[in-house]
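In: Output the structure for:
(one chain, ligands or ions: 2)
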Amino acid sequence: MTDTHAHINAPAFAADLPQVVARATAAGLTAIIVVGVDVPSSQAAVAVAAQYPNCWATVGIHPHEANSCTPETLRQLEALARAPKVVAIGETGLDYYRNYAAKPAQQEAFAAQLDLAARLRLPAVVHMREAYADVYAALGADRRLPPVVMHCFSGDTTQARDFIALGCMISLAGTVTYRSARKLHDVAKMVPSERLLLETDCPYLAPAPRRGKRNEPAYVRHTLEFIARKRGVSPAHLEEITDANAQTTFGIASPDADG
Ligand SMILES: [Zn+2]
Ligand SMILES: [Zn+2]
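Out: Ligands and ions are numbered 1, 2, ... in the order given. Here you go, the predicted model:
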């Protein structure tokens, strides 16, 4: 099983990270992608990946942190991106729901990181909230882009279809398990097998049976089982497909690919 988006480098896990990774490993997770949201957390992601065989890292500046995206931080990101086990740029993107940074700053940081991903031939991990038109325009305009992961996808089937047509992967988080998330239930059914990824986005958004608790990579199992039910396939089958998709997208080899 794979968690393609985990913030286990965040302060929420400072006290018990070894136990969290041990629980994930015991639950069958052969890969966890640890995601940076600014330079310090990207450094921490690289450090976690160096420490645990089943962890990999991304380096990026979250749209909430876009004000900190200067030419100097971009140089630091580029240097970090060359560290071992760094498999993507991000998370980057646009968040017009919270708007913690002004739109122009977000757009500039997003464009700069898409450019970095294209130059380094790394996938981009994209955060999109209430920003469909601008994210779609930015991704559609760039012909050089390596695979793009629409992380914690929160759009509807029409938007999902548009991103799939651009060649993007659709990554679903625990939000899909919430009873009120009708749009996401439809998305979970329509994404082609070869485009689907699973994630926790922990410590946020714990899936239904754990909702309200601190989320962690082991809980990706609940999201896997929910989506398998919606698609009418076995969890084992969906696990095989989404593991293979993660390995292809991020270029990672599972330490125990047949397990
Ligand atoms: Zn995000
Ligand atoms: Zn995230």
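In: where does the chain have low pLDDT?
Out: Within the chain, the segments meeting pLDDT under 70 span 254-259.
In: Quick one: the helices in the stretch 151-259 of the chain, in order.
Out: Assigned by DSSP state H, counting those that start in this stretch, the helices in the stretch 151-259 of the chain fall at 157-165, 182-190, 220-231, 235-250.
In: who touches residue 86 in this structure?
Out: 46, 49, 56, 57, 58, 59, 80, 122 (Cβ atoms under 8 Å, 6 or more residues apart in numbering). Glycine gets a C-beta too; all of them are placed from N, C-alpha and C.
In: Name the next helix or strand downstream of the lengthiest helix in the chain, please.
Out: Using DSSP state H to define each element, the chain has its longest helix at helix 103-120. Towards the C-terminus, the helix or strand next in line after helix 103-120, according to DSSP states H and E, is strand 124-129.
In: in the next helix or strand after that following strand, what's buried?
Out: The helix or strand immediately downstream of strand 124-129 is helix 132-141, counting by DSSP H and E. Neighbour-count burial for helix 132-141, with 16 or more other Cβ atoms under 10 Å as criterion, is recorded at 132, 134, 135, 136, 138, 139.
In: Next: stretch 162-171.
Out: Quick answer for stretch 162-171 (16+ other Cβ under 10 Å): 163, 164, 168, 169, 170, 171.
In: Ok, stretch 57-73 next?
Out: Here stretch 57-73 shows 57-66, 68-69, 73 as buried, counting by 16+ other Cβ under 10 Å.
In: That stretch: how far from the chain's middle?
Out: When distances are taken as Cα atoms, centre = their mean, to the nearest Å, stretch 57-73 is centred 16 Å away from the chain's centroid.
In: Could the C-alpha coordinates of it be exported in CSV?
Out: Output in CSV follows, covering the C-alpha atoms of stretch 57-73 (Å, rounded to 0.1, in the frame of the first residue of the first chain):
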residue,chain,number,x,y,z
ALA,A,57,10.4,13.1,-0.2
THR,A,58,9.0,16.0,-2.1
VAL,A,59,10.3,19.6,-1.9
GLY,A,60,8.1,22.6,-2.4
ILE,A,61,6.4,25.8,-1.3
HIS,A,62,2.7,25.5,-0.4
PRO,A,63,0.4,28.2,-1.8
HIS,A,64,-0.2,29.3,1.9
GLU,A,65,3.5,29.9,2.1
ALA,A,66,3.8,31.6,-1.3
ASN,A,67,5.0,34.9,0.3
SER,A,68,8.2,33.1,1.3
CYS,A,69,8.9,32.0,-2.3
THR,A,70,11.8,34.2,-3.2
PRO,A,71,14.6,33.6,-5.8
GLU,A,72,16.7,32.5,-2.8
THR,A,73,14.2,29.9,-1.6
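In: Number the residues from 46 up from this point.
Out: Sure, I'll start numbering at 46, so the last one becomes stretch 102-118.
In: now what about that stretch, what contacts it?
Out: Contacts of stretch 102-118 (Cβ under 8 Å, 6+ apart): 78-84, 87, 90-91, 93-94, 122, 125-126, 128, 130-140, 143, 145-147, 150-151, 153-155, 157-158, 170, 172.
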